[in-house]
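Engineer: Can you look at this prediction? I've put the sequence above it.
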Amino acid sequence: IETDSTSSNKSKVILVFGTKGGVGKTTLAVNLGLELAQRDNKVCIIDANFQFGNVGNMMDISNPNTIAELLAEESNPNIDSIRQFLSLHNSGINILLAPNNPEDGANITVSQIERIVASLRTYYDYVIIDTASIIDDMLTAFLDAASTVLFVTSSDIVSLRNTKKGLSVLEALGDFEKSKLVLNGTDSQISKGDIERALGVGIWQSFPKDSKTAIASANQGRPF
């Protein structure tokens, strides 16, 4: 992912996805957003885990205004109305928080989220979408809008099995080429080479397991 603010790689939508909870999607989305913001990019993160989103917790932000309140007031929002419901992190990142009440997420439609993403990408250099681990019509809409899909997995057997299934779905949907596999946790007994052979795709980026740093970051709401 190009992060040079002087480059032409602007208005990118980065979808962070994984087929199992706990693989580090939100951690990656938040810290990637922070890195991009530190390089003088305008960044907005959408917490699209509409039932149990944690972007606000990871960034120590609590706000009664979420995507649910936005759509309750304006069912067909534009960039001006959307920005009134964004939370601001001290890094300069804007966040569209997931609903405070899980049941409110069921009322969000695909057409509404498509309009929100399209509106945000006209204003921000990078729109990062942190999704739930669900393959549905909402995910399909996010995939269509995405410039890059960061497919996050860990090296345990359950995660890898789910990842293989998920990669097959992306291939069927025609979104495989823009997907990049991110391995979170490289101290497993399963080698990176074995993982690549099992999944049939190369690992684009990998991170060593550092539970101490990750847990402290989440508990304190401070991206590392």
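Structural biologist: Yep, it's here. Numbering: from 1, shown residues only.

Engineer: tell me the average confidence for the helix ranked longest in the chain?
Structural biologist: Counting by DSSP state H, the longest helix found in the chain is helix 157-173. Average pLDDT, helix 157-173: 93.

Engineer: What of stretch 111-122?
Structural biologist: For stretch 111-122, mean pLDDT rounds to 95.

Engineer: which other residues reach it?
Structural biologist: 11-13, 44, 46, 48, 67, 71, 75-79, 82, 96, 127, 129, 138, 141-142, 144-145 (CB atoms under 8 Å, 6 or more residues apart in numbering). Glycine gets a C-beta too; all of them are placed from N, C-alpha and C.

Engineer: So among those, which ones count as buried?
Structural biologist: Neighbour counting with 16 or more other CB atoms under 10 Å marks 12-13, 44, 46, 48, 67, 71, 77, 82, 96, 127, 129, 138, 141-142, 145 as buried within the contacts of stretch 111-122.

Engineer: Name the SS class of the most centrally placed residue in the chain, please.
Structural biologist: Nearest to the geometric centre of the chain sits Asp130, at 2.3 Å (CA atoms, centre = their mean). Using DSSP: H, G, I helix; E, B strand; the rest coil, the structure places Asp130 in strand.

Engineer: gap between it and Ala198?
Structural biologist: Using CB to CB, to the nearest Å, Asp130 is found at 26 Å from Ala198.

Engineer: Could you do Leu88 as well?
Structural biologist: Counting by CB to CB, the separation of Leu88 from Ala198 is 42 Å.

Engineer: Which one's more surrounded, those two?
Structural biologist: Using other CB atoms under 10 Å as the criterion, Leu88 and Ala198 rank with Ala198 on top: 14 against 11.

Engineer: for that one, what are its contacts?
Structural biologist: By CB under 8 Å, 6+ apart, Ala198 lies in contact with 160, 164.

Engineer: switch the cut-off to 10 Å
Structural biologist: Applying CB atoms under 10 Å, 6 or more residues apart in numbering to Ala198 gives the contacts 157, 160-161, 163-164, 190.

Engineer: Quick check: it vs Leu173, distance?
Structural biologist: Look at Ala198 and Leu173: by CB to CB, they are 21 Å apart.

Engineer: what's the lowest-mean-pLDDT helix or strand in the chain packed up against?
Structural biologist: One helix or strand of the chain scores below all others by mean pLDDT, DSSP states H and E: helix 211-220, with a mean of 75. Applying 3 or more CB pairs under 10 Å, 6 or more residues apart in numbering; DSSP states H and E, we find helix 211-220 packed against helix 25-38, helix 55-58.

Engineer: how about these in a markdown table, adding mean neighbour count and distance to Gly221?
Structural biologist: Below are those laid out as a markdown table (neighbours: other CB atoms under 10 Å; distance: least, CB to CB, whole Å):
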| stretch | mean neighbour count | distance to Gly221 |
| --- | --- | --- |
| helix 25-38 | 22 | 10 |
| helix 55-58 | 21 | 6 |
